[in-house]
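1. Sequence plus predicted model, see below.
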Amino acid sequence: MEEVKKPIEEVLGGAGLHIYDLPARWTPLESVVLVKCLDEDGHPSWAFRTTSGLNDEELLGVLVVRTEICRQETVALFLDEDGGDED
């Protein structure tokens, strides 16, 4: 079976999911979506989807930057919790 791309609201619209709005006057062009789902057996699983206009270099760049931001935020939580370094 060939996969067919559908509008994001058609795929996720009925799930009751919400995301933060984009900044004023920004125009969406492409997206990366990571969706936590329950599979056909009721087990948690992940679905990863992208729009067709992203190339591998852009996708890798976005994932690396977001990973680094998450890493820094997580480290900061531990430093704050342990009374660690504060600049």
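-> Noted; the coordinates are in hand.
2. quick one: the helices in this structure?
-> 8-12, 56-81 (DSSP state H).
3. quick one: contacts for residue 22?
-> residue 28 (Cβ atoms under 8 Å, 6 or more residues apart in numbering). Using the backbone N, CA and C atoms, a C-beta is placed for each residue, glycine as well.
4. mind checking how far it is from residue 79?
-> 31 Å (Cβ to Cβ, to the nearest Å).
5. same deal with residue 28?
-> Noted for residue 28: a distance of 35 Å to residue 79, by Cβ to Cβ.
6. who has more neighbours, these two?
-> More crowded of residue 28 and residue 79, by other Cβ atoms under 10 Å: residue 79, with 12 against 8.
7. For residue 72, see how far away that one is.
-> Separation of residue 79 from residue 72 (Cβ to Cβ) stands at 10 Å.
8. Could you do residue 54 as well?
-> Applying Cβ to Cβ to residue 54 and residue 72 gives a distance of 24 Å.
9. Between these two, which has more neighbouring residues?
-> More neighbours sit around residue 54 than around the other of residue 54 and residue 72, counting by other Cβ under 10 Å; the figures are 16 against 10.
10. can you pull the contacts of the nearest residue to the more buried one once chain neighbours are set aside?
-> Of all residues beyond its chain neighbours, the one nearest residue 54 is residue 30 (4.9 Å), with distances taken as Cβ to Cβ, 6 or more residues apart in numbering. In this structure, residue 30 makes contact with 50-51, 53-54, 58, judged by Cβ under 8 Å, 6+ apart.
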